[in-house]
Each structure stands twice: as C-alpha cells, then as structure tokens.
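Asks: With the sequence up front, the predicted model follows.
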Amino acid sequence: MRIWHQSFTVLQHLGAYEDALRSHFARVARPGTEIVMHGMDPGTYRSDYPGEDIRHASLQYLHGMQFVAAGLRAQEQGYDAYAISSLPDPALREIRSMLGIPVVGYGESAMLAACLLGRRFGVLAFIAELIPLIEDNVRRYGLEARFAGARDVGFRFMDVLAAYAEPAALIERFRTAARALLAQGADVIIPGEAPLCVLLASHGVSEVDGAPVLDALSAWVKAAEMLVDLRTQSGIRGSRRGYFHEPPSPERLWELASFYGLDRFAK
C-alpha cells in the first residue's frame with residue numbers, strides 16, 4: 001500500500017520536523033504500508049512559516065490548489081490513497097469528489113477517532129486564527145454534539161520547531177493549555193497541527209490527567225489504511241452520487257487543471 005502524504009509546509013526547509021515526521025510514519029504505519037512524503041512547492045511562502053498565509057481564508061483557498069494538483073498526481077501515479085496532512089483539511093471535500101482512490105484529511109480523521117475514545121473532544125491550535133475554521137469544519141462533519149471547543153494553545157509554530165531540540169518547557173505549556181480545555185468539558189484532546197502532534201508523540205505524551213492526547217497523524221494513517229482495505233478486500237468505495245460526490249471525467253479534470261496552470265505542481 002502506498003499513501004501520498006501532502007503537507008501544508010515546504011518540508012525540505014524544516015529539517016528537524018521532516019526527520020521526526022519520517023520516523024513517526026515508519027513507527028505507526030503497518031508493515032507493507034509506504035507513506036511517501038510531499039510538501040508544498042519551494043517559494044510558496046515568504047518564510048518557512050505557512051501560518052501567516054493560511055490564517056486568511058482567501059490565501060488558504062489559493063494554496064489549496066496545490067492540494068488539488070497533488071491529489072490528481074497521486075491518482076495518476078498509482079497511489080492507493082491520498083492523505084491531506086493539515087488540520088484545516090484544505091479542499092478535502094472537493095478532492096474527494098475528483099478522485100477514485102480513498103482521500104483522508106488530518107482534521108476529520110482526528111475528530112472521528114476522538115469520538116471513539118471519549119464523549120467530547122477539544123482542539124488546541126497554535127494558529128489561533130484557524131479556530132473559526134475548525135469550528136466550521138466540526139459543523140460540516142456533523143460532530144457539533146461531540147465538540148467541547150477549540151482553544152489557542154499559547155505558543156506558535158516557531159516555538160514548536162525550537163522545541164524539537166529542547167522539548168520539556170513546551171510540553172509543560174501544552175499540559176497547562178490541555179487542562180484548561182478539559183475544564184471546558186473535553187475528555188479527548190486533539191493537539192492541533194501536525195508539527196505539535198509529532199513532537200508530543202515522539203516524547204510519549206499520550207494523556208493529560210487521564211484524558212487521551214490523540215496522535216492525530218496515527219489516526220490519519222489508520223483511516224487511510226482502513227479505506228484501502230475496505231476497497232480491496234470488500235469492494236466498498238466512497239459514495240459517487242450527487243453534487244458533492246459524483247466525479248467528472250478524468251479528461252475534463254486534466255483539461256481544466258491545465259487551463260488553470262495546476263499541472264505545473266506536484267510533478
């Protein structure tokens with residue numbers, strides 16, 4: 001099984017995170033599953049930090065076009081699944097309607113897995129401006145009754161990257177923020193974006209005061225593996241009916257991708 005991993009970062013600019021991510025995937029994927037890592041094109045952002053852009057709905061929408069292009073390439077190149085590795089799940093609904101292979105999103109997979117672990121989940125985010133989008137996605141996924149809320153974790157992307165060398169202080173700050181979310185009614189914690197998730201998982205942070213801290217990336221990997229298994233073992237595929245699911249012809253997809261210049265991405 002081959003899974004195309006698509007990050008919202010330019011991975012080659014983030015050596016410590018890229019290395020930790022590769023090690024994490026090697027640990028959590030089952031034997032026979034290959035996760036091939038992909039990031040955004042160099043030059044996508046003005047700095048190594050995508051958060052200055054993706055906190056704006058308009059710019060996140062434009063960057064989502066790279067996710068669309070990568071999904072088309074994943075299917076064309078024979079991947080078994082396409083996995084969006086970003087809490088906001090950019091273009092997830094649209095990409096699912098285009099591809100015949102399973103498509104999973106980091107945020108959706110984490111929320112669905114959290115519902116199996118407790119009664120109500122909460123999200124801690126280091127891009128605070130994304131909280132309204134997280135709340136909107138919860139409504140879109142039909143999980144409002146299981147959602148305790150989302151909070152700013154109290155530190156930022158660069159703090160997380162620095163913590164790959166010295167993690168102890170940031171982990172304690174995370175525990176403090178998690179306790180505030182537990183007091184708000186959560187009994188499962190989703191630790192926001194993937195760089196924080198990998199850092200916590202790499203240092204064995206799996207609970208706070210009895211509440212699970214979800215390894216959202218593992219949930220994402222297992223969701224992809226499950227959907228591929230359902231397809232290959234039982235012939236079960238995603239819905240192909242209606243406005244949100246019926247795919248256009250591959251020829252028309254590539255025609256429009258070329259028209260809009262998307263074919264230059266994700267070679």
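Replies: That came through fine.
Asks: List the residues that contact Cys115.
Replies: Phe121, Leu143, Arg146 (Cβ atoms under 8 Å, 6 or more residues apart in numbering). (Each C-beta comes from the backbone N, C-alpha and C, glycine too.)
Asks: Sticking with the closest residue to the second one other than its chain neighbours, tell me its helix or strand.
Replies: Which is Leu143. Distance criterion Cβ to Cβ, 6 or more residues apart in numbering; nearest residue to Leu143, sequence neighbours excluded, is Met111 at 5.6 Å. Using DSSP states H and E, Met111 sits in helix 106-117.
Asks: Please pull up the helix or strand immediately following the helix or strand containing Leu199.
Replies: Counting by DSSP H and E, the element that carries Leu199 is helix 194-202. Under the assignment DSSP H and E, the closest C-terminal helix or strand after helix 194-202 is strand 207-208.
Asks: if you average pLDDT over that next one, what comes out?
Replies: In this model, strand 207-208 has a mean pLDDT of 98.
Asks: Run through the neighbouring helices and strands of that strand.
Replies: When contacts are defined as 3 or more Cβ pairs under 8 Å, 6 or more residues apart in numbering; DSSP states H and E, strand 207-208 sits against helix 168-183.
Asks: contacting residues for Ala69?
Replies: Ala257, Leu262, Asp263, Arg264, Phe265, Ala266.
Asks: what's the answer for Val138, then?
Replies: Shown in contact with Val138 (Cβ under 8 Å, 6+ apart): Met111, Glu144, Phe147.
Asks: And for Ala224?
Replies: With contact taken as Cβ under 8 Å, 6+ apart, Ala224 is in contact with Ile3, Ala81, Ala83, Pro102, Val104.
Asks: isn't the second one right up against Gly100?
Replies: Think Ala81. No - contact criterion Cβ atoms under 8 Å: Ala81 and Gly100 do not qualify, at 11.0 Å.
Asks: So between the two, which is more surrounded?
Replies: Ala81 (26 against 12; other Cβ atoms under 10 Å).
Asks: any chance you could map the strands in this protein?
Replies: Ranges of strands in the chain, per DSSP state E, are 2-7, 34-38, 81-85, 103-105, 121-125, 147-152, 188-190, 207-208, 211-212.
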